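[1] structure for the following, please:
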Amino acid sequence: MASKQRRIALMGFRSVGKSSLTIQFVENQFVDSYDPTIENTFHKTFKINGQEYALQLVDTAGQDEYSILPQSYFINIDGYILVYSVNSKKSFEVIQFVYDKLLDMKGNIGTIPVILVGNKSDLNMDREVSTEAGKRVAEKWKIPFLEASAKDNHSSQRVFEQIVTTIERASGNVPEKSGCILS
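    I've put the predicted structure just below:
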């Protein structure tokens, strides 16, 4: 069986850990230093339920509520991982602007595979966004939600398994209930 090509964009406010999540998934390491990303693309092939997927991960520059999102963030993208940091209320607000911009650019979000990720769950003592708040927004948007920590490698792989499952479900390749991970 040939591997399925999937192009996925990670979007969110600056320094929420988009690059760290990606590098943890692709290279199994945590990068502690923060160097603002312009835009990077990573590749990883992995299997879910016996199917091989060749992922192209577009690690976007951090967005804010005033960002003009480049057209490249919308062309040939199969799914979106919207990332905020649990220790930043601002990043949680910004991800809602990003979601609205996705709606404006792509139309009916119900047909666009999107997941919401609260990153930096290891910073529980500095938490500004509750797990419940993240779940509420995801339920409102009718998308999967999970929390992760690139630093602790908690749910890093699950983030990418979840977006692939969400993409497959949107294309009618996965039964409705399988793979929906909430934590």
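[2] please, which helix or strand holds the residue nearest to Phe160 when sequence neighbours are not counted?
    Of all residues beyond its chain neighbours, the one nearest Phe160 is Phe25 (5.3 Å), with distances taken as C-beta to C-beta, 6 or more residues apart in numbering. (Glycine included, C-beta is placed from N, CA and C.) Using DSSP states H and E, Phe25 sits in helix 18-27.
[3] which residues are contacting that helix?
    Contact with helix 18-27 is made by 10-12, 29-31, 37, 40, 42-44, 57, 59-60, 62, 81, 83, 117, 119, 148, 150-151, 153, 156-157, 159-160, as judged by C-beta atoms under 8 Å, 6 or more residues apart in numbering.
[4] helix, strand, or coil at the residue most central in space within the chain?
    Nearest residue to the geometric centre of the chain (C-alpha atoms, centre = their mean): Ile81, 1.9 Å. Three-state call for Ile81 (DSSP: H, G, I helix; E, B strand; the rest coil): strand.
[5] so what's it up against?
    By C-beta under 8 Å, 6+ apart, the contact set of Ile81 is 8-11, 18, 21, 114-115, 117, 159-160, 163.
[6] in this protein, which ranges drop under the pLDDT threshold?
    For the chain, the stretches flagged by pLDDT under 70 are 34, 36-37, 108-110, 174-183.
[7] show me the strands in it, by range?
    According to DSSP state E, the chain carries its strands in the segments 4-11, 39-48, 51-60, 79-85, 114-119, 145-147.
[8] need the ones you listed in JSON lines (columns: distance to Glu128).
    Output for the strands of the chain, formatted as JSON lines (distance: least, C-beta to C-beta, whole Å):
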{"stretch": "strand 4-11", "distance to Glu128": "20"}
{"stretch": "strand 39-48", "distance to Glu128": "27"}
{"stretch": "strand 51-60", "distance to Glu128": "23"}
{"stretch": "strand 79-85", "distance to Glu128": "8"}
{"stretch": "strand 114-119", "distance to Glu128": "11"}
{"stretch": "strand 145-147", "distance to Glu128": "13"}
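[9] what's the closest of these to Gly107?
    Ranking the strands of the chain by their distance to Gly107 (criterion: C-beta to C-beta) puts strand 114-119 first, at 12.9 Å.
[10] quick one, what contacts the residue lying closest to Ser155 once chain neighbours are set aside?
    Distances taken as C-beta to C-beta, 6+ apart place Ala148 nearest to Ser155, at 3.9 Å, with adjacent residues excluded. Ala148 is in contact with 21, 117-119, 121, 154-156, 158-159, counting by C-beta under 8 Å, 6+ apart.
[11] how near is Ala148 to Asn119?
    Going from Ala148 to Asn119 by C-beta to C-beta, to the nearest Å gives 5 Å.
[12] do the same with Val98
    Relative to Asn119, Val98 is positioned 14 Å away (C-beta to C-beta).
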